[in-house]
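Enquirer: Let me see the structure of the following:
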Amino acid sequence: MRICQILAGDEEGGLEKHFEELCNRLVSCHEIHVIAHEKYRKRFDPKIIFHALDLSKGRRNLVILYKLRKIINDIHPDILHAHANKAVDMIVSIKHFLHPSIKIIATLHSKKRNLKGFERFDHVIGVSHEVLKDLKNPHQSVIYNGIELTHIEKDPKYLSQFGIKDEFVISAVGRLEKVKNFPLLIRAIKDLDVKLIIVGEGSEAESLKHLVKELGIEDKVVFTGFREDVLNIIVNSDICAISSEREGFSYVMAEALLLSIPVVSTDVGDMKKILPNVFVVPVNDEKKLTDTLHWMQENYQSVLENYEQSFHFAGENFTLDAMVKQVLNSYDKVVKG
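Expert: All right, here's what the predicted structure looks like:
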């Protein structure tokens with residue numbers, strides 16, 4: 001099968017990671033073309049045919065749309081797969097100028113108010129049931145993002161680099177932006193006997209540090225900034241916490257479960273379909289989050305037992321192999337009509 005994958009942005013995050021891993025795995029059994037910004041070229045398997053095009057400019061830029069149409073028609077793929085809103089809008093703009101035999105698929109990575117473009121695709125893949133909830137296109141399926149994860153052993157001394165010894169450790173990973181709502185988590189742990197490690201960078205970094213100082217809990221919270229060893233930090237934590245206001249699919253949740261680390265989360269994305277519901281708290285509910293964290297700390301062995309099913313679910317659904325297999329099944333169905 002000849003497959004063309006399109007990424008329109010030039011940012012860094014879960015979407016870009018998903019795109020890269022999917023393409024690099026698909027090329028083992030199919031002809032893969034990638035249309036994306038030049039900055040991503042070196043991340044792809046040499047067998048992938050890379051077409052550099054800066055789609056980060058305006059989605060109605062006629063010159064860019066003309067070049068995109070020409071590249072796609074020259075490739076003449078069986079499947080054209082657009083990732084996220086911007087790429088979808090650009091494909092919709094040139095759809096009538098593409099060869100009619102090309103089947104178009106989109107992946108919806110987060111919840112959007114305007115899904116008009118996605119209604120015009122032959123099939124839409126959602127990274128959770130939640131992101132697909134308002135989509136009217138009947139040709140849709142949920143495929144959770146997959147992760148290539150190697151086994152990592154716990155190291156009791158690993159977190160000593162952060163001044164942590166035997167304390168109960170909560171890790172939180174993500175962009176330090178408002179949507180992640182780290183202030184909720186910081187306030188929730190202020191009266192608990194725990195250590196909180198926050199991994200990530202972002203525009204809210206200074207205000208979060210100010211909040212910690214204001215609450216007088218500098219001894220409880222560690223800001224690490226960007227780290228390459230995120231998985232080592234998670235696996236050596238007792239709990240992984242997610243305090244977001246919204247999520248399409250949380251890579252951090254998937255990584256923690258695959259590492260057999262319990263997750264407490266706000267009610268975002270498909271958390272209630274994946275985690276034991278007693279560990280999913282309402283968005284912005286500080287008291288409920290505090291109470292849940294405290295209970296988890298006091299009843300940790302029971303927490304681990306409650307999570308066995310979620311750990312198993314993650315092993316079955318959050319691996320790269322599982323994701324690629326389901327994506328290929330979607331391609332086959334669309335091509336066969």
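Enquirer: Next, count neighbours for C29.
Expert: If you count neighbours by other C-beta atoms under 10 Å, C29 ends up with 10. Bear in mind the C-beta positions are built from the backbone N, C-alpha and C, glycine included.
Enquirer: again with the one 5 residues further on
Expert: Using other C-beta under 10 Å as the criterion, V34 is surrounded by 25 other residues.
Enquirer: Pretty sure it sits in a strand.
Expert: Yes: according to DSSP: H, G, I helix; E, B strand; the rest coil, V34 belongs to a strand.
Enquirer: my guess is it meets A52, correct?
Expert: No: between V34 and A52 there is no contact under C-beta atoms under 8 Å: 9.2 Å.
Enquirer: thinking N306 is in contact with P276, fair?
Expert: Yes: between N306 and P276 there is a contact under C-beta under 8 Å: 4.8 Å.
Enquirer: Please identify which helix or strand holds A314.
Expert: Assigned by DSSP states H and E, A314 falls within helix 308-317.
Enquirer: Who are the packing partners of that helix?
Expert: Helix 308-317 is packed against helix 251-258, helix 271-274, with contacts defined by 3 or more C-beta pairs under 8 Å, 6 or more residues apart in numbering; DSSP states H and E.
Enquirer: same thing but 10 Å
Expert: helix 251-258, helix 271-274, helix 320-336 (3 or more C-beta pairs under 10 Å, 6 or more residues apart in numbering; DSSP states H and E).
Enquirer: Looking at those, which one is packed in the most?
Expert: helix 251-258 (a mean of 23; mean count of other C-beta atoms under 10 Å).
Enquirer: Show the subsequent helix or strand relative to it.
Expert: strand 263-266.
Enquirer: Can you give the distance of that next one from its chain's centre?
Expert: Centroid separation for strand 263-266 versus its chain: 15 Å, with C-alpha atoms, centre = their mean, to the nearest Å.
Enquirer: Let's see that strand as CSV, backbone CA atoms only.
Expert: Backbone C-alpha positions of strand 263-266 (Å, rounded to 0.1, in the frame of the first residue of the first chain) are rendered in CSV as follows:
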residue,chain,number,x,y,z
VAL,A,263,-2.4,7.3,38.0
VAL,A,264,-4.7,9.9,39.6
SER,A,265,-6.3,12.2,37.1
THR,A,266,-9.0,14.8,36.6
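Enquirer: who does it pair up with?
Expert: strand 239-242 (parallel), strand 280-281 (parallel) (DSSP bridges).
Enquirer: before we move on, back to that, which residues outside the helix holding A314 are in contact with it?
Expert: Helix 308-317 is contacted from outside by 142-147, 149, 253-263, 273-276, 279, 304, 307, 322-323, 326, using C-beta atoms under 10 Å, 6 or more residues apart in numbering.
Enquirer: Run the chain-centre distance for it.
Expert: Worked out by C-alpha atoms, centre = their mean, helix 308-317 lies 17 Å from the chain centre.
Enquirer: can you pull the buried residues of that helix?
Expert: In terms of neighbour count (16 or more other C-beta atoms under 10 Å), helix 308-317 has its buried residues at 310-311, 313-314, 317.
Enquirer: biggest separation within those residues, which pair?
Expert: Farthest pair in the buried residues of helix 308-317 (C-beta to C-beta) is F311 and N317. Separation: 11.4 Å.
Enquirer: ranges for the helices of the stretch 101-250 of the chain?
Expert: 129-132, 182-188, 205-215, 230-235 (DSSP state H, counting those that start in this stretch).
Enquirer: any idea which of these is most buried?
Expert: Comparing the helices of the stretch 101-250 of the chain by mean neighbour count (mean count of other C-beta under 10 Å), helix 182-188 ranks first with a mean of 23.
Enquirer: Flag the shaky bits of the stretch 1-150 of the chain, pLDDT-wise.
Expert: By pLDDT under 70, the stretch 1-150 of the chain has no low-scoring segment.
Enquirer: Could you work out the end-to-end span of stretch 46-61 for me?
Expert: End-to-end distance of stretch 46-61: 30 Å, with C-alpha to C-alpha, to the nearest Å as the criterion.
Enquirer: Give the buried residues for that stretch.
Expert: Residues 48, 50-51, 53, 55-56, 59 are the ones in stretch 46-61 that count as buried (16+ other C-beta under 10 Å).
Enquirer: just stretch 257-277 next, same as before
Expert: Neighbour counts over stretch 257-277 (16+ other C-beta under 10 Å) mark 257-259, 261-266, 268-271, 274-276 as buried.
Enquirer: hmm, back to that, so which of the helices and strands packed on helix 308-317 comes closest to A87?
Expert: Here helix 320-336 is closest among the helices and strands packed on helix 308-317 (C-beta to C-beta), at 15.9 Å.
Enquirer: could you say what helices and strands the closest one packs with?
Expert: strand 2-7, helix 14-26, strand 79-83, strand 103-108, strand 123-126, strand 140-142, helix 308-317.
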